[in-house]
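Chemist: Provided below for reference: sequence and predicted model.
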Amino acid sequence: MADRDWVVDAYRTYFRYVFALLGRLGVPVASIDDVVQEVFLVLHRRRDEFRNDSSVRTWLHGIALHTARRHRARIRRAEQPPPDLPAPSAPRDPESAASASQELALLDRLLDALGDEQREVFVLAEIAELPAPEIAELLGVKLNTVYSRLRLARARVRETLDRMNDSGGRAGGTNG
């Protein structure tokens, strides 16, 4: 019973976080609920392997990352482009809703400009705010590889923003 309670508590605590993380990792909105469920099923199946040498959140990062990779690979095999991710929560007024929607659309365009490896590192570092050594452990790569991918991803994001600004595309914010 304690194992079940542990998983239920993790679900209640981290559901929204895992939902948003999977969206940023490129899981299409139509699939996010299923992939979130898959993440927590893996957590449940592997709960005996958890040894408290890291946080549950860190462990969920790894599970979500691997689950998102598998899902993106299935999408590529089926040649279905992922749809845009909507805002995880509705802002209170129409102006805020429009602004939040534009910001998320911009973020998704920037993330879509990255390859999978750079996207994963960028999301884990910049959005999930994990330290580089933890990212290296999660991804099973060397620390210098994480730094290199993050440097390249940041440069690509800057280039994409510059291109959007140069072409007159809206890069975020509001025109006052």
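Modeler: All right, it came through fine. Numbering: from 1, shown residues only.

Chemist: Can you classify L150 as helix, strand or coil?
Modeler: What DSSP: H, G, I helix; E, B strand; the rest coil gives for L150 is helix.

Chemist: neighbours around it, how many?
Modeler: 18 (other CB atoms under 10 Å). In short, each C-beta sits where N, CA and C put it, glycine included.

Chemist: Which residues are in contact with it?
Modeler: By CB atoms under 8 Å, 6 or more residues apart in numbering, L150 lies in contact with 118, 121-122, 125, 132.

Chemist: Out of the residues you listed, who's the most crowded?
Modeler: Neighbour counts for the contacts of L150 (other CB under 10 Å) peak at V121, which has 28 neighbours.

Chemist: Would you check how far apart that one and D166 are?
Modeler: 26 Å (CB to CB, to the nearest Å).

Chemist: do the same with F50
Modeler: Distance from F50 to D166, by CB to CB: 49 Å.

Chemist: I'd like the next helix or strand past the lowest-mean-pLDDT helix or strand in the chain.
Modeler: Within the chain, no helix or strand scores below helix 94-112, which has a mean of 75 by mean pLDDT, DSSP states H and E. Later in the chain than helix 94-112, the nearest helix or strand by DSSP states H and E is helix 116-122.

Chemist: mean confidence score for that following helix?
Modeler: Averaged over helix 116-122, pLDDT sits at 90.
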